[in-house]
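In: dropping a prediction and its sequence here:
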Amino acid sequence: MELMDFAPNFSIDQLTQSQKAAVLHRDGPLLILAGPGSGKTRVITSRIAQLIKDGVSPYNICAITFTNKAAEEMRQRTFDMGVTSGLQVSTFHSLCVRILRQYAQMANLEPNFSIYSDAEQKKCVKDAIADCNVASSNFMPSRVLNAISKFKNDLESVEDVAKRADGFYLEILAKIYKRYQEILLANNALDFDDLLVRTAYLLRDRPEVRSELSRRFQYLMVDEYQDTNHTQYQIAKGLSIEHGNICVTGDPDQSIYRWRGADIANILAFEKDYPNAKVVKLEENFRSTPEILSVADKLIANNSKRKEKRLIATCESGNKVETNVYSDEQEESLAVARKIKSLISSGANLNEIAVLYRVNSMSRALEEAFVNEQIPYSIVRGVEFYSRKEIRDMIAYLKLIANPSDNVALERIINTPARGIGKTSLGRVADYAKARKISMYEAVTSVAFIDTISKAAQSKIAKFGHMIHKFTKLLDEPSCGIADLMETVYLESGMSDSLKPNERGEDTARANVDELISSAAKYDKETESQQTSLFDYLQSIALYSDTDAYDANSPTVSLMTLHAAKGLEFENAFIVGLEEGLLPHERSKENPEELEEERRLFFVGITRAKRNLNISYAKYRSMRGMLNRTIPSKFLYEIGMSPQNAYANSYGSQDSFTSKPKKTSDYVPKPKSTALYRAGDSVRHSKFGLGKVKEYLDLGEKSVVTVRFDSGQTKALLLKYAKLDKIG
DNA sequence: GTGAATCATCTTTTT
DNA sequence: GATGATTCAC
């Protein structure tokens, strides 16, 4: 019995009535409907502390968060309350890895399985499509992968899909799905979704495992329940079915992962699902000003599928929500940058400011403006680092060392850096392995027996095999940390010699690997006391997420997508690009449910702001190198901001139009007097061919020519970039 | 078998 | 406009 694990630094006195109700409801199912800024995290941590105070061992409590970052924060908070050990706090994925490792045998798994993320999944799905002999033009790997992911999110096995397949498309899809799973099995690998799926099956098919885990996790808490998919739902149910102590928290209005398989019905139907559930609503908002909340409220009222819930403001009144319109994204970015500068000069800290946008590519214009205006910023995109070529190569070495069955890793590095092992030889190794049902690494170690391969190639391949074998040996030495191993691999594999500076003389690739090694050294140090393995390290990278890179204390302005902003809050928030096709996004327009999700996404964005919120859009925006005239987002109308008078205007403030005389005009270049083109002019474009000018907007440097081409399409082109010749 | 160069394709959000 | 596949010269 651990006696030190009560929570002496915790008191319930400061909580509101409804918060207390949520904390004190101890046994049985509990649904906490928590609006934005309602102190949800505080309630969950208080609940944990209260349970422990009541005599429950931390060892018997399991909290599931949405991101690693949130888990880390919760650990810190409960630690501050005096909870010192034993608590299980993690994401669904991390928890599943843990369970699958512990019960590997029962789950029919080798415990050193690889975890495949997008690039590796794509490779496997491509191979699967090729093996099924289907015209890959009809079955694009990304589409197929999406479909497979959907099956897995809905907990549909290969057999389930094959059984319900009624048409050609689904039949082929089932075939590819089957082959894809076989490939993963051969590689001793699981993809992201498999981590969940395999755990769900384990809980379903092995009552003894389910019982053991139920006894271990007697109190289960799931945060962000509105964004769980069906498989996660089944896992939560499986873990709690024997004791019924399941507490879920979430907000249907903040569900933004439908596209990833999240099923909002999980939270909407919780009471039906658990008939004796207690429901607590947390409707008070302790984060934002009434001005911000009223905008959020107006917006979300347009959604039909929701649970009625109020937003009760408790903060003092503050500034009006600002809406601005700019001529293009450069001007928008510059204006945001200057507004940030003025916020800073009036005392704001850099880390209290965030700029939010719908798609990652929108960070580009903002970055440029921030560099020009010399504003320190950081882009919250953690996974980007790990998707770099040189980093992926290094990781592939480690993956192969940890899991010799990982053919995808082997294929990636057998000739990286170039060792003279080409496609032909590799293909023969693969054939040999396939025929004998062994891994490619095993085939490599016995390459001398593969007589289809030339002696010269054999010796190169054997040399590679010996090198990997040597690395594997290193792993057995207890003194060898991940960073040491990495460094050895880096030097002895030839990776270090092969990385060259780019055209501009920047040695970024090398710097990246250095960063990887030092981050591994940090990992070694942090996990010194525990006995961690290469597997644990690889797992932590595989499940690394964008928001994990967010550091609330770093003195920089944060740039991130609206999705990444989930769960965060900022004194000052800017939301840019309120345009049709962007927010709501083009791809969500046909489906009313997806439109509602876009609205929720904007709702999430608005409610991140504590005191100042600034919303903007640009009249022209270039997407994939093409300048387009935009249409203001319908969401602007819904929040009562008519874009016509939104120009440098403040919402709800009658006089601000005159008090702020066209601040934006500072950045509009003066029109030139001589028009270069006139409507009706014939022109030739290097790519689109012949056409006639429909409209010419004379804006000097930023002049826009709208041309109707003979091909039928009409394009608005930025004169500066358009390769346009006037004819006649 | 290698590396440069060109072509084609896709382009929302991410654990 | 970036990434991946293909092609071509060596």
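Out: Looks like it arrived, so ask away.
In: so which residue is dead centre in chain A?
Out: A:Asp546 (5.3 Å; Cα atoms, centre = their mean).
In: contacting residues for it?
Out: Residues in contact with A:Asp546, defined by Cβ atoms under 8 Å, 6 or more residues apart in numbering, are A:Val380, A:Arg381, A:Gly382, A:Val383, A:Met560, A:Thr561, A:Ala564. In this view, the C-beta of every residue, glycine as well, is placed from N, C-alpha and C.
In: among those residues, which ones are buried?
Out: Buried residues within the contacts of A:Asp546, counting neighbours by 16 or more other Cβ atoms under 10 Å: A:Val380, A:Arg381, A:Gly382, A:Met560, A:Thr561, A:Ala564.
In: residues in chain A within reach of DNA strand C, list them.
Out: Applying Cβ under 7 Å from any atom of the strand, we find that chain A lies next to DNA strand C at A:Ala119, A:Lys126, A:Arg624, A:Gly625.
In: in chain A, where's the longest helix?
Out: Assignment by DSSP state H gives helix A:455-476 as the longest helix of chain A.
In: which elements pack onto that one?
Out: Secondary structure elements in contact with helix A:455-476, counted by 3 or more Cβ pairs under 8 Å, 6 or more residues apart in numbering; DSSP states H and E, are helix A:389-402, helix A:423-436, helix A:440-445, helix A:482-492.
In: of all those helices, which one comes closest to A:Leu534?
Out: Across these, the minimum distance to A:Leu534, taken as Cβ to Cβ, is reached by helix A:389-402, at 4.6 Å.
In: for DNA strand C, give me its nearest residue in the stretch 151-300 of chain A.
Out: Closest approach of the stretch 151-300 of chain A to DNA strand C (Cβ to the nearest atom of the strand) occurs at A:Ile183, with a separation of 15.7 Å.
In: which residues does that residue contact?
Out: Contact partners of A:Ile183, counting by Cβ under 8 Å, 6+ apart, are A:Cys124, A:Asp127, A:Ala128, A:Asp131.
In: from those, keep the buried residues only.
Out: A:Cys124, A:Asp127, A:Ala128.
In: and which of these is nearest DNA strand C?
Out: A:Asp127 (10.7 Å).
In: report pLDDT for the closest one.
Out: Each residue has a pLDDT score; the one for A:Asp127 is 87.
In: what about it, distance to A:Phe151?
Out: Distance, A:Asp127 to A:Phe151, by Cβ to Cβ, to the nearest Å: 18 Å.
In: and the top strand by length along chain A, what does it pack against?
Out: Across chain A, the strand with the greatest residue count (assigned by DSSP state E) is strand A:609-623. In this structure, strand A:609-623 makes packing contacts with helix A:290-300, strand A:322-328, helix A:329-345, strand A:570-575, strand A:626-629, judged by 3+ Cβ pairs under 8 Å, 6+ apart.
In: so which of the ones you listed comes closest to DNA strand B?
Out: The nearest among the helices and strands packed on strand A:609-623, by Cβ to the nearest atom of the strand, is strand A:626-629 at 8.9 Å.
In: for the stretch 201-350 of chain A, give the residue positioned nearest to DNA strand B.
Out: Here the residue of the stretch 201-350 of chain A nearest DNA strand B is A:Trp259; by Cβ to the nearest atom of the strand that distance is 3.7 Å.
In: hmm, back to that, DNA strand B: which of the buried ones among the contacts of A:Ile183 is nearest?
Out: Distance from DNA strand B was checked for each of the buried ones among the contacts of A:Ile183 by Cβ to the nearest atom of the strand. The minimum falls on A:Cys124, at 14.1 Å.
In: thought that closest one was touching A:Val408?
Out: Yes: at 6.6 Å, A:Cys124 counts as touching A:Val408 under the criterion of Cβ atoms under 8 Å.
In: which residues do those two both contact?
Out: A:Tyr116, A:Asn187, A:Ala189.
In: which one of those residues sits closest to DNA strand B?
Out: A:Tyr116 (10.3 Å).
In: in the sheet, who's paired with the closest one?
Out: Here A:Tyr116 sits in beta bridges with A:Asp191, as judged by DSSP bridges.
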